[in-house]
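Peer 1: have a look; sequence and predicted model below, questions after that.
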There are 2 protein chains.
Amino acid sequence: MAKPNIPDIVVSRLPLYLQTLNHLLREGEEVISSEELSEQVGIPAVQIRKDLSYFGGFGVKGKGYDIIHLIDSLRSILNLNQIWPMVIVGVGNLGQALIRYQGFARQGFEIVLALDINPKIIGTEIAGIVVQDVGLMESELKRSDIRIALLTVPANAAQSTADALVANGIKAILNYAPIILKLPEGVRVANIDPVLKLEHLTYYLS
Amino acid sequence: MAKPNIPDIVVSRLPLYLQTLNHLLREGEEVISSEELSEQVGIPAVQIRKDLSYFGGFGVKGKGYDIIHLIDSLRSILNLNQIWPMVIVGVGNLGQALIRYQGFARQGFEIVLALDINPKIIGTEIAGIVVQDVGLMESELKRSDIRIALLTVPANAAQSTADALVANGIKAILNYAPIILKLPEGVRVANIDPVLKLEHLTYYLS
DNA sequence: AGAAACTTGTGATTTCAATCACAACTATTA
DNA sequence: TAATAGTTGTGATTGAAATCACAAGTTTCT
């Protein structure tokens, strides 16, 4: 349903708004102006309004935005009115930490399949998930509707693993390996590499 | 020494170039053209050249870039010709995984201090680091030259912990908590929140 | 040696995102 | 009720980043 004419950079800010609105809701707020939201989220009010206006008019002039309604709208826009099952490949230190991380499930993302190549790890249970042999990727993915993968394998295995995931129907990859994946059109990748962020930070340190 | 006139978005791409150049060097390459680098890194060749030209002329016309020389230059620009000691606050699942992660040290970032508030975790040793009481933050940071912090505490403790870190001389924070930190000018924050990235991805899924 | 191919570095141009400015509407105050 | 203050949504404008186009230099080929 994603209208292709909306700038990606606009889409990228919506989750941020949603996160902040959820905080405000938990604090008991019911209505918020773009100006107040701006202070919380650190983005100019006019930009928030313009971003939202790509998708419709969610506010009331003179009043502001109904938080519950805006949260609902954003969740709908971002396709979050469903549980997204995910596979994780690579159950090392980081993979285990991600399987145990509560924040995914809290926002509707559930790791339902964990794969690894290491015989010592295969068969172990982590937070209710039994790690499977990565060789079972095809059969396990075939009988599921998993479209999102977390990639936490070593850098030298990342590209081939990503290729295999895509060959088995994965459409979005959250890549934790410190390499740039080359994937076909239609597959979306988001990279999480703390070292790149640190190197960006050190530019500004002295 | 960061020239303040260089766009931050340009700076943010330099670590990516550095990462890819390191891969190429390991594969035995010695010289590379911006066009070849472009294919590896997924950024247009002319943009790479323009980015680099902010800092000087590193290439040779008709030939390309000497990889070793360009790596050296980028490392110098990004202040990577030193070991950066770091503190991590919050030694839960994620914190432990980050302490064990080899990728930091490999690029010159070393976690030298780990703090937590949980008595069951304080005193335990992880990858050679003994976890200290977070109450010792002031004294431990005072006698160190740590300027970078990894923040891996729960969301509700993140702001106050960040404030304490800044009060004790921390100038850069890699924030893993799913909230937006409000910090004074001069302190730089980079956020790592996989949920935001996932929510961005799902926009494009059906 | 001369010609052709290759590649960088950058001023000029184009494209895209951010900001401004304000009409339209709502709520509040006197 | 009328006047004032508050707020959204958006066309117009500005600003910044990406791209184009090409001069200048290097290498390779004949």
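Peer 2: Nice, thanks for sending it over.
Peer 1: contacts and neighbour counts: CA atoms only from here.
Peer 2: Noted.
Peer 1: ok, the closest residue to A:Val187 other than its chain neighbours - contacts?
Peer 2: When the adjacent residues along the chain are set aside, A:Val187 lies closest to A:Lys171, with 4.7 Å between them (Cα to Cα, 6 or more residues apart in numbering or on different chains). If a contact means Cα atoms under 8 Å, 6 or more residues apart in numbering or on different chains, then A:Lys171 has A:Arg147, A:Ile148, A:Gly186, A:Val187, A:Arg188, B:Leu205 as its contacts.
Peer 1: my guess is the fourth one contacts A:Ala172, does it?
Peer 2: Yes: A:Val187 lies in contact with A:Ala172 (Cα atoms under 8 Å); the separation is 5.6 Å.
Peer 1: the more surrounded of these two?
Peer 2: For A:Val187 against A:Ala172, the residue with the higher neighbour count under other Cα atoms under 10 Å in any protein chain shown is A:Ala172, and the figures read 24 against 18.
Peer 1: relative to A:Arg147, how far out is the most centrally placed residue in chain A?
Peer 2: Computing the C-alpha centroid of chain A and ranking residues by Cα atoms, centre = their mean puts A:Leu174 first, at 7.2 Å. Going from A:Leu174 to A:Arg147 by Cα to Cα, to the nearest Å gives 11 Å.
Peer 1: let's have the contacts of A:Lys171 in TSV, adding distance to A:Leu24, pLDDT and secondary structure.
Peer 2: Compiled in TSV, the contacts of A:Lys171 are given as follows (distance: Cα to Cα, whole Å; pLDDT from 0 to 100; DSSP: H, G, I helix; E, B strand; the rest coil):
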residue	distance to A:Leu24	pLDDT	secondary structure
A:Arg147	31	98	coil
A:Ile148	29	98	strand
A:Gly186	35	95	coil
A:Val187	34	98	coil
A:Arg188	31	98	strand
B:Leu205	28	97	coil
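Peer 1: just to revisit the earlier point, if I look at the residue nearest to A:Val187, how far off is DNA strand C?
Peer 2: 22 Å (Cα to the nearest atom of the strand, to the nearest Å).
Peer 1: quick check, A:Tyr65 in a strand?
Peer 2: Yes: checked against DSSP: H, G, I helix; E, B strand; the rest coil, A:Tyr65 lies within a strand.
Peer 1: chain neighbours aside, what residue packs nearest to it?
Peer 2: Closest residue in space to A:Tyr65, ignoring its immediate chain neighbours: A:Gly59 at 4.4 Å, by Cα to Cα, 6+ apart.
Peer 1: how about A:Gly42?
Peer 2: Per Cα to Cα, 6+ apart, closest to A:Gly42 is B:Ile180, 8.0 Å.
Peer 1: please look at the one you found and A:Glu39 and confirm they touch.
Peer 2: No: using Cα under 8 Å, B:Ile180 is not in contact with A:Glu39; the gap is 10.4 Å.
Peer 1: the more surrounded of the two?
Peer 2: Residue environment comparison for B:Ile180 versus A:Glu39 gives the larger neighbour count to B:Ile180, 19 against 12, counting by other Cα under 10 Å.
Peer 1: tell me the SS of the more buried one?
Peer 2: Secondary structure, three-state DSSP: B:Ile180 is coil.
Peer 1: next one: A:Ile88
Peer 2: The three-state label given to A:Ile88 by three-state DSSP is strand.
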